[in-house]
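Q: Take a look and give me a structure for this.
(2 chains)
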Amino acid sequence: MAHSARRRDCPELPDFSLLKRLARDQLIYLLEQLPGKKDLFIEADLMSPLDRIANVSTLKQHEVDKLYKVEHKPVVSTSDQLCFLIRPRIQTVKWICDVANADKAAGKFRRYKIIFTPQKFYACEAVLEEQGIFGDVTTDEWAFNLLPLDDDIISLELPEFFRDNFLAGDQRWVRTAGSALHLLHSLYGPFSKIYGIGRCSKMAYESWREQVEEGEQRTHQAEIGKVFLIDRDVDFVTPLCSQVVYEGLVDDIFRIKCGCVEFGPEVTSSDKSMKVMLNSQDKVFNEIRNEHFSNVFGFLSQKARNLQTAYDKRRGMDIKQMKTFVSEELKGLKQEHRLLSLHIGASESIMKKKTKQDFQELLKTEHSLLEGFEIRECISFIEEHINRQVSMIESLRLLCLLSITENGLLPKDFRSLKAQYLQSYGVDHLLTFANLRQLGLLVEQQPGETLTVMESKVGKLVNDKTAGKLTDAFSSLAKKSNFRALSRKLNLVPKSDEEYDLRVPRDMAYIFSGAYVPLSCKLIEQVLDRDGWTGLEEVTRLLNGHEFAVSGSTGGDSKTKSDAQRIILVMFLGGCTFSEISALRFLGRERGYKFIVVTTAITNSSRLLEALLDNHA
Amino acid sequence: MAFITATWNPLGEAFYRKSELYEMCWSIRDGLRDSLVAAAPYGGPIALLREPHRRSPSSRPQLEIYSASGVSITSFPWKSGPVVQLGWTVSDELLCVQEDGSVLIYDLFGSFKRHFSMGQEVVQNQVLEAKVFHSPYGTGVAIVTGSFRFTLATNIDDLKLRRLPEVPGLQGKPPCWVVLTQDRQTKVLLSTGPELYILDNTSCTAVCPPGLSPQAGSVVHMSVSFSYKYLALFTDTGHLWTGSSHLQEKLSEVDTKKSTPPKQMVWCRRPKSQQPSVVLMWDKLLMVAGVCNDTIQFPIEDPCVLVGELDGVRIISSTNQELLQEVPLVCQDIFKIASMAPGALLLEAHREYEKSSQKADEYLREIKEQSMLGEAVRQCVEAAGHEYDTNTQKSLLRAASFGKCFLTDFSPDPFVSTCRELRVLNAVRESSVGLPLTHTQFKQMTLQVLIDRLVYRQFYPLAIEICRYLKIPDYQGVSRVLKHWASCKVQQKDLSDEAIARAVCVKVGDSPGVSYSHIAAKAYECGRTELAIKLLDFEARSGEQVPLLLKMKRSQLALSKAVESGDTDLVYTVVTYLKNEMNRGDFFMTLRNQPVALSLYRQFCKLQEQETLKDLYNQDDDHQELANYYVTASYREKRLESRLSLLQSAVDEYNKAKNEFAAKATEDEMRLLRFQRKLDDEKGAGLLGLSLQATMEALLALGLHKQAEQLYRDFRVPDKRYWWLKLKSLAEKEEWEELEKFSKSKKSPIGYLAFVEVCMKCNNKYEAKKYVSKVTPEQKVKAHLAISDLEGAADAAIERKNESEMGVVLSRCSVSDRLLIDRLNRARASAAKK
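A: Numbers count the residues shown, from 1 in each chain, chains lettered A, B, ... in the order given. The predicted structure follows:
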């Protein structure tokens, strides 16, 4: 197989199940703070993460009677103790206030406890106070920062991080990210080197440093050597591209939620849908997750043949052999059989959707945009896409991709494409456009001269620390993408005249059919190669700076533990895609690293854009 | 050495010794006569109010405060009302109980802290007598008023006055009374003369001490021990009864043969006392009376004051101060003449050893034979702790150290800690410091409290030395002292802000656990705002600076510090504070300069106060955001008219923001809404709120072609879009004739392949075929393939001599199309040649 390890000296990954145990113990402790039977109300998007930490029977053991979803409606619970497990969102807190006030009006006395996770915010408490129930509820914090989704993926499960931080400029989650890093540092550190790029990364780094200084220092054997922090807005191109690696495709089409996917009847070839955990425990999935989709079928049919051979061994066995076969192998084979048929089903379903001509043309357009060829054809393709109302999100994605790669749209195109989009999907998308513009995802090309003037102005401001905080006003201008220049500097788009054999990938571009090396991963590769940002000055200037590289506190002995030094933790602030993870796994195999990806949430183009929608559908 | 026992006086089994603590540093002209004196236990300070009853305003009485060694701490004329009683609280604050029932509290340095009253009733009736007492709950005050009622407060820091029930038949000031703390209750025991009563919260109970001889007479003086365990009663016939304070058992009854009541009577005990005893004082006589019928009598010349301690009695006179205590058993064992205790032998052995005499070996051997060397060392160490004289301490410790040399496996800890503690104790006993603590008291008080007391008395260098010497972790030790020092330093009015800030910074540096914000808060309390700000600058954690800055009304600075800290909760706290403090205009202006705070507040407003959001944008002239706000608001509006008016506002704002595109789009939306409303009214089409495209789709589906056409023209819908729309709609409704007509209305802007594909989608091959011929040559092959016409596709491909198209056709061929495959292959081969 193409992905057999090229270097066999890849170090072992640290054991992250400890994080789960910590979170579970803390939750149990908090539940026990409210003795007696109680009903537990859980925020909808906390349900899956919670399920990975503590199952229902664990909760029942600690006197949780019934489980409900937190919703804005009267509670039916008859328990006299209600416990709410929520994210620190004002909206949810208001709902809880309504519940408490309704009880009060009805003369019902209950005890309420709110557990905020991963932390509580003053604003939430202010709402409790405003609604006059501050004295009636007790609040607590469940520092559930990190959920290991797989051996090498840890998620903060905070999808709102992206919008709050990058669009609303609300930095409330920065400290959360810092705390998460702090936890990893105290369990698996000390880190010998920290690199990063992006404003948020820098702040998260500083927040972490502060927490390190406040707390006591413990020195133990480092299990993670280096850390790379990166903001999502450093690279918007990668998450906006169609994913063609198996795991990414499954996410794009079926939406993987918290490491788990629900396959519908068309995949399971029965009348029921089925929830499947997708991680390295699934042996079939583990072998195809990083493969380009064009290889998946070949692999699966080979696998099916092997399986058949294994089954066929039964023939000509005597009783004794048969007995060992049944007790030792059959179960494994059956399991493999089940998984194999599921993934074949999924692949078929993907094939149906993705090998149609439209998809091929879509990919062709994306590749042209990345290369910067035949832009006019691309624009008319997008136009038709909008006109025929193929997909609201897809159209938006193509528009954004066009804008970023071309450094903004020509005024004429900008207007006509937007007007057509509004005609198709309603005028309320004006607000969506305002958001996209603010993030620099969909902008109008500025006449050449003013642009450079603004750029140099902003550049100066950015260097100044305090002024750096004032740049919000300029952010849309400062976030000029410069994709073309970056692409040249970093050689992101391989020459198209050579044939790219997807079965034997030669670089990370394979995750986009050889058309594009993801910018985020390329940066990581370059910085690790150079052990810092030297030689990348031009690149960081094009990315609006905020890069840093700091050596950790423990200098001397770190050199000797070379294994840990090749374990690299990459933290994406604002989310990362499965394709990026695949690319990093590839890079790891090439260079003998092991990457651990920590992300605020797993994202893809749809999630990214849905977070920015402001239509009132 | 041999004279150690010279000061010992036997009393029954035990010995009592009186050792001098200090020659008093003060010079008091009239001695302690005519003065109110209060001296705190644990070597606490002494307060002295001279001639408290002198009432003429011309010569006010003087209130003086001294350390236990008589070093003057402060003195000031007493300007308030007549004082009945002085007393010290557990935290070294001076309580002055006035005749009118008000209690004034001063600190050690004579500055007034606060006052409280013992009740309204007292103002008229006056306080006859007051007592300050200590209990596990803190310091309390008890008074008896002119109407012979008792009122008490158990803890002055948490003042709850309790008026005790009336005592039956009490017609005058009771001859004597004490406060008892028993069973977590505070009670008063009083004598009315013939009777004894216990007063608690609700009742007044007559009691009788067990075994008090009937001829003893009435009780005229009483005293309760330091621990509230024992009670001593003195009767008018000179009998002294001692027993438990529960009045359940009797210890002894001694006839003192004195008919006048003593001036003062204090228990003299120590923990694990051999013989509890009472010290009584008359004008010229001091008497120690124990359980046995013996007494010790000391003559005294000056008027004295007795201070009961945990392990003895301090006797303060105008010239010196002595400690009267029972000799600890271990000291008795060692120093008693001809003692054969192991400790005594060891001391002797060491003494001989120093003289280089071989007798040392004999003594040592003797102890070892009894295997008592460990015990001997232990005794010497313990005794050293009890000795006040440094020479005695040294010789005992040297002996212990000597004995230790011959022992293996002997833990050095008690020896080392005793040495250290004695060093500290000797230092604080110095006359200049004046804390005459015994080792027992020190252990009871704990080191923490000792350091606190030193700090409170402003012996900062000594406190720091002690912390360093005893290696107390910085957090609890040096840092704490520095914190107090700095807090005190900032109050020095004679120094400039600059000088103080520098001094504080140099001394405190970045000692762990010292918070500059805490020091700054102190400075601010003293009204030195500028100094506070200077000090805050040293604070490393910006978050810590914020609360104080807010308090000092430096809200702008507070906001920027909060932002710097990166803690959004803190930013939000400041924002909320500012919102309430400032007028709206200023508030918004402030936010404007702090984007982080602004966006945080916006987020909050979006969820909580939509209206404020509007004001916020208005203030900033942010027309773009304001317009967006109106658009958002319009979607929450149900009624069309209000929705339109909101959209109109949005249009105005977009225009102001020079966003013509958005203005135009919004205008279009308004137009569309009106149009939809009209049709909804006329035809009940249910269009309101749909997008333009959806509206046209709906219209076409309803067969309202004319209206759709109108939209197409009015809104300048691109031709392509309209053609796609109409094509799909007609095909879905299977209006094939209409479709054909439409295809011929003009040249299709979307080409004719689309017609073919759409027809095929609706499974109408027949109709699809009609359009194949109209398709452009480039798309011919595709069109033929779309209707699965392989022959046609092959013809077209061959005609165009296009290899890849031929390939596409080939890939669609099945095995049965042998002929076609051959033909294509041939054509491909010939095309390739060229």
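
Q: So, low pLDDT: which residues of the chain?
A: Just going to use chain A. Where chain A drops to pLDDT under 70, the residues are A:1-9, A:215-219, A:355-357, A:447-481, A:496-498, A:553-561, A:615-617.

Q: was after chain B, sorry
A: Where chain B drops into low confidence, which here means pLDDT under 70, it does so at B:1-2, B:52-58, B:540, B:542, B:832-834.

Q: Not counting sequence-adjacent ones, nearest residue to the residue most central in space within it?
A: For chain B, the residue sitting closest to the mean C-alpha position, by C-alpha atoms, centre = their mean, is B:His518 at 12.0 Å. Distances taken as C-beta to C-beta, 6 or more residues apart in numbering or on different chains put B:Lys483 closest to B:His518, at 6.5 Å, once the chain neighbours are dropped. C-beta here means a position set from N, CA and C on the backbone, and glycine is covered the same way.

Q: One more: B:Phe406?
A: When the adjacent residues along the chain are set aside, B:Phe406 lies closest to B:Leu373, with 6.1 Å between them (C-beta to C-beta, 6+ apart).

Q: How about B:Ile315?
A: Nearest non-adjacent residue to B:Ile315 (C-beta to C-beta, 6+ apart): B:Glu322, at 4.7 Å.

Q: same thing with A:Ser341?
A: Counting by C-beta to C-beta, 6+ apart, the nearest residue to A:Ser341 once its immediate chain neighbours are dropped is A:Ser269, at 7.6 Å.

Q: what's the distance between the one you found and A:Ser349?
A: Counting by C-beta to C-beta, to the nearest Å, the separation of A:Ser269 from A:Ser349 is 10 Å.

Q: higher neighbour count, those two?
A: For A:Ser269 versus A:Ser349, neighbours defined as other C-beta atoms under 10 Å in any protein chain shown are more numerous around A:Ser349 (19 against 13).

Q: Next up, the contacts around the residue of the stretch 251-400 of chain A found nearest chain B.
A: When C-beta to the nearest C-beta is the measure, the stretch 251-400 of chain A has its nearest residue to chain B at A:Asn387, with 4.2 Å between them. With contact set as C-beta atoms under 8 Å, 6 or more residues apart in numbering or on different chains, A:Asn387 has these partners: A:420, A:424, B:718, B:720-721, B:724.

Q: at 6 Å what do you get?
A: Contacts of A:Asn387 were listed using C-beta atoms under 6 Å, 6 or more residues apart in numbering or on different chains, and they are B:720-721, B:724.

Q: Could you find the closest non-adjacent residue to it?
A: Leaving aside its sequence neighbours, A:Asn387 sits nearest to B:Arg721 (C-beta to C-beta, 6+ apart; 4.2 Å).

Q: In a strand, the one you found, correct?
A: No: going by DSSP: H, G, I helix; E, B strand; the rest coil, the assignment for B:Arg721 is helix, not a strand.

Q: What is the neighbour count of it?
A: Taking other C-beta under 10 Å as the criterion, the count of residues near B:Arg721 is 24.

Q: just B:Ser371 next, same as before
A: Other residues lying near B:Ser371 total 9 when counted by other C-beta under 10 Å.

Q: Now it: which helix or strand?
A: Taking DSSP states H and E as the definition, one finds B:Ser371 inside no helix or strand.

Q: Name the residues of the stretch 501-650 of chain B found near chain A, please.
A: If contact is defined as C-beta under 6 Å from any C-beta of the partner chain, the residues of the stretch 501-650 of chain B in contact with chain A are B:566, B:568-569, B:572-573, B:595-596, B:599-600, B:603-604, B:607, B:628, B:635.

Q: List the ones among those residues that fall in strands.
A: Within these, no residue falls in strands by DSSP state E.

Q: Got the domain ranges for chain A?
A: Annotated domains of chain A cover A:16-142, A:145-235+A:502-554+A:561-616, A:248-357, A:358-445 [the TED database].

Q: between those, which gets nearest to B:Leu687?
A: The stretch from the domains of chain A with the least distance to B:Leu687 (C-beta to C-beta) is domain A:358-445; that distance is 12.4 Å.

Q: Can you give the distance from the closest one to the centre of its chain?
A: Its chain's C-alpha centre and that of domain A:358-445 lie 24 Å apart, by C-alpha atoms, centre = their mean, to the nearest Å.

Q: Could you measure from B:Val377 over to B:Glu348?
A: Distance of B:Val377 to B:Glu348, given as C-beta to C-beta: 14 Å.

Q: More neighbours: these two, which one.
A: B:Val377 (27 against 20).

Q: Surely the more buried one is within a helix?
A: Yes: judged by three-state DSSP, B:Val377 forms part of a helix.

Q: can you pull the contacts of it?
A: Under the criterion of C-beta under 6 Å, 6+ apart, the neighbours of B:Val377 are B:400, B:403-404.

Q: Looking at these, which are in helices?
A: With helices identified by DSSP state H, the entries of those that belong to them are B:400, B:403-404.

Q: Go through the residues you listed and name the one nearest chain A.
A: If you rank the ones in helices among the contacts of B:Val377 by distance to chain A using C-beta to the nearest C-beta, B:Lys404 comes first, at 37.3 Å.

Q: What is the neighbour count of the closest one?
A: Taking other C-beta under 10 Å as the neighbour definition, B:Lys404 ends up with a count of 19.

Q: Up against chain B, what does chain A have?
A: Proximity of chain A to chain B is confined to A:90, A:121-123, A:168-172, A:203, A:207, A:387-388, A:415, A:422-427, A:430-431, A:434, A:472, A:616 under the rule C-beta under 6 Å from any C-beta.

Q: Tell me, how many residues neighbour the residue lying closest to B:Leu196 once chain neighbours are set aside?
A: Take B:Leu196 and drop its neighbours on the chain: the residue closest to it by C-beta to C-beta, 6+ apart is B:Val207, 5.0 Å away. The burial count assigned to B:Val207 is 12, neighbours taken as other C-beta under 10 Å.

Q: Could you find the closest non-adjacent residue to the residue of the stretch 1-150 of chain A found nearest chain B?
A: Of the stretch 1-150 of chain A, the residue with the smallest distance to chain B, taken as C-beta to the nearest C-beta, is A:Tyr122 at 4.1 Å. Of all residues not flanking A:Tyr122 in the chain, B:Asp569 sits nearest, at 4.1 Å (C-beta to C-beta, 6+ apart).

Q: Surely the one you found and A:Lys120 touch.
A: No: B:Asp569 sits out of contact with A:Lys120 when judged by C-beta atoms under 6 Å, with a separation of 8.4 Å.

Q: Contacts made by stretch A:40-59 with the rest, please.
A: Under the contact criterion C-beta under 6 Å, 6+ apart, stretch A:40-59 has outside partners A:20, A:23-24, A:27, A:64, A:67-70, A:83-87, A:147, A:157, A:257-258.

Q: let's go with 7 Å and repeat that
A: Outside stretch A:40-59, the residues within contact range by C-beta atoms under 7 Å, 6 or more residues apart in numbering or on different chains are A:20, A:23-24, A:27, A:64, A:67-70, A:82-87, A:92, A:147, A:157, A:257-258, A:260.

Q: So what does B:Pro197 look like in phi/psi?
A: Rather than Pro, residue B:197 is Tyr. As for B:Tyr197, its main-chain torsions (degrees, to the nearest 10) stand at phi -130, psi 150.

Q: swap that for B:Ala142, please
A: When quoted as degrees, to the nearest 10, the phi and psi of B:Ala142 stand at phi -130, psi 140.
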